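>>> here is my input; please provide its structure:
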Amino acid sequence: MVGRFVTSIHSRVTTSSHFNQQEIEATLHCIAAIQEALDFAKTPPQLAQLFSQDILGRLPSAGHSRMRRTTLGFIGASWLNIPVSAYI
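Down below sits the predicted model:
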């Protein structure tokens, strides 16, 4: 399931420089909602892609405060307790 969400975000940020930020934000909320149920021993390879320049590197870094707040909250709240080896 995470793979589908990450693939969705990746396709949106790579197809256009003016992607729908609300869709990206909603997808990040979906991933955050299911992250506690994930087995990180079987983490899909798309998770590493989520934290790469391909996705995070293409999200807006200026303006769009709601999108930045969601992204930072997602990173901080959801993934800090995961061993680095799970997503690298």
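>>> report the distance from the helix or strand that contains residue 8 to the chain centre.
For residue 8, the element it lies in under DSSP states H and E is helix 2-15. On the basis of CA atoms, centre = their mean, to the nearest Å, helix 2-15 is displaced by 9 Å from the centre of the chain it belongs to.
>>> quick one: buried residues of the helix or strand following that helix?
Going down the chain from helix 2-15, the next helix or strand is helix 21-34, by DSSP H and E. Using 16 or more other CB atoms under 10 Å as the burial criterion, the residues of helix 21-34 that qualify are 21, 24-25, 27-28, 30-32. Where C-beta positions appear, they are placed from N, C-alpha and C, glycine not excepted.
>>> phi, psi of the closest residue to residue 71 other than its chain neighbours?
Sequence neighbours aside, residue 59 is the residue nearest to residue 71 in space, at 5.7 Å (criterion: CB to CB, 6 or more residues apart in numbering). Its backbone dihedrals place residue 59 at phi -80, psi 150, with angles given as degrees, to the nearest 10.
>>> any chance of the buried residues of helix 21-34 in a markdown table, with distance to residue 67 and pLDDT too?
Conversion of those to a markdown table gives the following (distance: CB to CB, whole Å; pLDDT from 0 to 100):
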| residue | distance to residue 67 | pLDDT |
| --- | --- | --- |
| 21 | 5 | 84 |
| 24 | 7 | 88 |
| 25 | 6 | 89 |
| 27 | 12 | 89 |
| 28 | 9 | 86 |
| 30 | 15 | 87 |
| 31 | 15 | 83 |
| 32 | 14 | 81 |
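>>> between those, which is closest to residue 54?
Of all the buried residues of helix 21-34, residue 24 has the smallest distance to residue 54: 13.2 Å, by CB to CB.
>>> residues contacting the closest one?
Listed by CB atoms under 8 Å, 6 or more residues apart in numbering, the contact set of residue 24 reads 9, 12-13, 59, 67.
>>> list phi and psi for residue 20.
Backbone geometry at residue 20, expressed as degrees, to the nearest 10, gives phi -80, psi 110.
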